[in-house]
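Peer 1: Quick one: sequence plus predicted model below, questions after.
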Amino acid sequence: MWRHAAARRSAQIRRLLSTSAPSAGAVRGPCIVHKRGTDILHDPWYNKDTAFPLTERDRLGLRGLLPPRVMSFEQQYERFINSYHSLEHNTQGEPDSVVSLAKWRILNRLHDRNETLYYRVLIDNIKDFAPIIYTPTVGLVCENYSGLFRRPRGMYFSAKDKGEMMSMIYNWPAEKVDMIVVTDGSRILGLGDLGVQGIGIPIGKLDVYVAAAGINPQKVLPIMLDVGTNNEELLEDKLYLGLRQPRLEGEEYLAVVDEFMEAVHARWPKAIVQFEDFQMKWAFETLQRYRSRFCMFNDDVQGTAGVALAGLLGAVRAQGRPLADFTKQKIVVVGAGSAGIGVLNMAKHAMLRMPGTHKIGELGEGHNQFWVLDKDGLITKSRKDLDPAVARFARGYGPEEVEDLHEGASLVEVKKVKPHVLLGLSGVGGIFNEEVLKAMKESDSPCPAIFAMSNPTTKAECTPEDVFKHVGENAVFASGSPFSNVTLSNGRKGYANQANNMYLFPGIGLGALLSGARHISDGMLHAAAECLASYITDDAIRKGILFPSISSIRHITARVGAAVARAAVDEDLAEGCSDLDPRDLRSMSESDTVDYVARKMWYPVYSPLVNDK
Ligand SMILES: NC(=O)C1=CN([C@@H]2O[C@H](COP(=O)(O)OP(=O)(O)OC[C@H]3O[C@@H](n4cnc5c(N)ncnc54)[C@H](O)[C@@H]3O)[C@@H](O)[C@H]2O)C=CC1
Ligand SMILES: CC(=O)C(=O)O
Ligand SMILES: [Mg+2]
């Protein structure tokens, strides 16, 4: 009996692994369009521009609406890339912001016109285009969004829509939505409150979801919750497109978010909701409020934490030490906001469960390898009105502390600690100045790690050039936004790693989706972080490479997604999805799970819009 069930299950797994392989025809399915003529040309999902074959032109009422020559997808692709390169050539010498916005416009126009071509060029050139659709350019786009706005993308729920959201959600045209990224615009990257203009962030994050996790773009939904803004400049700007009122606070604010979450859940109960760029108090409050009721996570708190943990473990390996020595690393974290506290919590948790720690939990709550600073300097227990989330990491400065430090000590004073790692999530550009970096020369690590994780580029705590010059060529470096590698004095490369939550959030979302997780647990998030940490080889680490290249993002995401899905199964949180029973997932080997996840990824190809016969 048992043997029959096992045989049936392995046959089912073979079927899953063989039938869902991406191939030109299978990827989009035989979608037969009901639209005709210009309605098709104006629908970016169906539009093929000059690549409509003659049969489709005849049968879909397109004859005469296009120039006569039929171009191939490859020719269209080449034409776009050539025009992109011409734009690069023609804007040489212009200020960076002008060039970046021009690049964003040309990509955005393609996105509006032809999604298949757009996502193909994005996937194939992710390393070059990520800085345009994502950080840093997306920050510039948000800052200028009211002026750049041409046509809407995603949905907008405002404080004025109270009581209407349950019906409004049905205005979204797609029947199924898998992935939602929502913001209230209150802390956009390190740029502060940008109100409704923050919609650029959910759009950019979901583009990364499509490119990295192969989420079908018809099933993603960027959302702005416009509860007002406290940005005076925007409130006075006549062109500002959001509500011109101060932000809702307290229960009024939560009532809007509650209603939105209920509406989403009512229409798409299995959709994953990613909270993005909420100011700290609401980031934590909403996470606690919703995480066990809905399948949601906060990327800034939880995604960032996993990426930083992978970097911190990489820094231990770079020193040639065993991973268990992580518990002895001295880590200075600058910024005690949603991201900084998220990182501290996860790193602390990882220390407590480090293999090699003789007894799980032997380090105990009192074990504190962290020195945390915020805008008022070093945080100690004598700080008044300390948020309980931060209090866990406050230094006591009782007799057990060796360094002569005090409440509010500056970053330069904290050098007495001789930290192994200096990690910035402060949103303050250049705060790791020459003096601070030179102090890191005294680090107890043979290769001090400097993580300047704030975004966008202007807010990075320092540059890789500064690090290799002032800390030394033995340092390792990572930043939230991309920088170029540096040529060191001996001709070697000084690696400018990118430590951005884009390495994890697509896999967290995809793993949760494919496993049909009821909610996203700490175990699933740890599995994601550990998977990323183990992706890099010892050889690469020795060279100072702590994170893989963004070019491998699909491969990384397949692995992370599989790790997350398997963790969901282990914790009995997986309910499966359309073609997958959680028991199938349980019987898959690790590599079969990775294959399965990779095969479920959407890949952009033109599919036939009419039946052959
Ligand atoms: N690389 C990545 O993947 C991610 C990067 N970030 C970046 O991290 C930054 C912070 O984000 P959140 O924590 O959400 O913001 P937040 O506003 O919640 O926290 C900022 C923290 O920095 C502190 N701070 C401000 N000025 C300071 C100074 N001069 N010295 C020391 N600390 C100072 C504040 O007191 C606060 O504790 C942003 O720039 C954001 O773009 C956030 C998430 C992911
Ligand atoms: C990367 C990201 O999520 C942030 O800077 O907020
Ligand atoms: Mg963010």
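Peer 2: That came in fine, so what should we check first? Ligands and ions are numbered 1, 2, ... in the order given.
Peer 1: nearest spatial neighbour of Pro446, skipping sequence neighbours?
Peer 2: Distances taken as Cβ to Cβ, 6 or more residues apart in numbering place Gln319 nearest to Pro446, at 5.7 Å, with adjacent residues excluded. Any C-beta I mention is one placed from the backbone N, CA and C, and that applies to glycine too.
Peer 1: So what's the residue count around the one you found?
Peer 2: Residues lying near Gln319 (other Cβ atoms under 10 Å) number 18.
Peer 1: Quick one: residues contacting it.
Peer 2: With Cβ atoms under 8 Å, 6 or more residues apart in numbering as the criterion, the residues that contact Gln319 are 325, 420, 445-447.
Peer 1: leaving aside the residues next to it on the chain, what's closest to Gly427?
Peer 2: Excluding its sequence neighbours, the residue lying closest to Gly427 (Cβ to Cβ, 6+ apart) is Gly190, at 3.2 Å.
Peer 1: where's His111, which helix or strand?
Peer 2: Assigned by DSSP states H and E, His111 belongs to helix 96-113.
Peer 1: Tell me the buried residues in that helix?
Peer 2: For helix 96-113, the neighbour count (16 or more other Cβ atoms under 10 Å) marks 99-104, 106-108, 110-111 as buried.
Peer 1: gap between it and the chain center?
Peer 2: Computed by Cα atoms, centre = their mean, to the nearest Å, the chain-centroid distance of helix 96-113 equals 21 Å.
Peer 1: contacts for that helix?
Peer 2: So helix 96-113 is contacted by 44, 47, 49, 80, 83-84, 87-88, 91, 94, 117-118, 121-122, 129, 131-133, 136-137, 140-141, 144, 148, 150-151, 207 (Cβ under 8 Å, 6+ apart).
Peer 1: May I see the ChimeraX selection of the buried members of the residues you listed?
Peer 2: Per 16+ other Cβ under 10 Å, the buried members of the contacts of helix 96-113 correspond to this ChimeraX selection:
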select :44,47,49,80,84,91,117,118,121,122,129,131,132,133,136,137,140,141,148,207
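Peer 1: got the CA coordinates for stretch 500-520 in PDB?
Peer 2: C-alpha atoms of stretch 500-520 as PDB (Å, rounded to 0.1, in the frame of the first residue of the first chain):
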ATOM      1  CA  ASN A 500      20.700  44.500  -1.500                       C
ATOM      2  CA  ASN A 501      17.600  42.800  -0.500                       C
ATOM      3  CA  MET A 502      17.000  42.100  -4.300                       C
ATOM      4  CA  TYR A 503      19.000  38.900  -3.700                       C
ATOM      5  CA  LEU A 504      16.300  37.600  -1.400                       C
ATOM      6  CA  PHE A 505      12.900  39.100  -1.700                       C
ATOM      7  CA  PRO A 506      12.100  37.500  -5.100                       C
ATOM      8  CA  GLY A 507      13.000  34.000  -3.700                       C
ATOM      9  CA  ILE A 508      11.100  34.600  -0.500                       C
ATOM     10  CA  GLY A 509       8.000  35.600  -2.500                       C
ATOM     11  CA  LEU A 510       8.400  32.800  -5.000                       C
ATOM     12  CA  GLY A 511       9.000  30.100  -2.400                       C
ATOM     13  CA  ALA A 512       6.000  31.200  -0.400                       C
ATOM     14  CA  LEU A 513       3.800  31.300  -3.500                       C
ATOM     15  CA  LEU A 514       4.800  27.900  -4.900                       C
ATOM     16  CA  SER A 515       4.500  26.100  -1.600                       C
ATOM     17  CA  GLY A 516       1.200  27.900  -0.900                       C
ATOM     18  CA  ALA A 517       2.500  28.900   2.500                       C
ATOM     19  CA  ARG A 518      -0.100  30.000   5.000                       C
ATOM     20  CA  HIS A 519       2.300  32.600   6.300                       C
ATOM     21  CA  ILE A 520       6.000  33.500   6.100                       C
END
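Peer 1: Do it and ligand 3 come into contact?
Peer 2: No - Stretch 500-520 is not in contact with ligand 3 by Cβ under 5 Å from the ion; minimum separation 6.7 Å.
Peer 1: Now that stretch: average pLDDT?
Peer 2: For stretch 500-520, mean pLDDT rounds to 98.
Peer 1: Residue numbering should commence at 739 henceforth.
Peer 2: Sure thing, new numbering starts at 739, so read that last one as stretch 1238-1258.
Peer 1: near ligand 2 at all, that stretch?
Peer 2: Yes - using Cβ under 6 Å from any ligand atom, stretch 1238-1258 comes into contact with ligand 2 via 1238-1239.
Peer 1: Pull the distance from that stretch to the chain's centre.
Peer 2: Between the centre of stretch 1238-1258 and the centre of its chain there are 10 Å (Cα atoms, centre = their mean).
Peer 1: burial measure for whichever residue of the stretch 1089-1238 of the chain sits closest to ligand 1, as a count.
Peer 2: Residue nearest to ligand 1 within the stretch 1089-1238 of the chain: Gly1218 (2.9 Å; Cβ to the nearest ligand atom). Neighbourhood size, Gly1218 [other Cβ under 10 Å]: 31.
Peer 1: and it, what is it in contact with?
Peer 2: 873, 1190-1193, 1198, 1236-1238.
Peer 1: out of the residues you listed, which are inside helices?
Peer 2: Using DSSP state H, no member of those sits in helices.
Peer 1: Tell me the spatial nearest neighbour of Ile877, not counting adjacent residues.
Peer 2: For residue 877 the amino acid is Gly, not Ile. Pro1194 (3.8 Å).
Peer 1: and the next element down the chain from the one helix or strand Ala1046 maps to?
Peer 2: Assessed by DSSP H and E, Ala1046 sits inside helix 1042-1056. Per DSSP H and E, helix 1042-1056 leads on to strand 1069-1072 as the next helix or strand towards the C-terminus.
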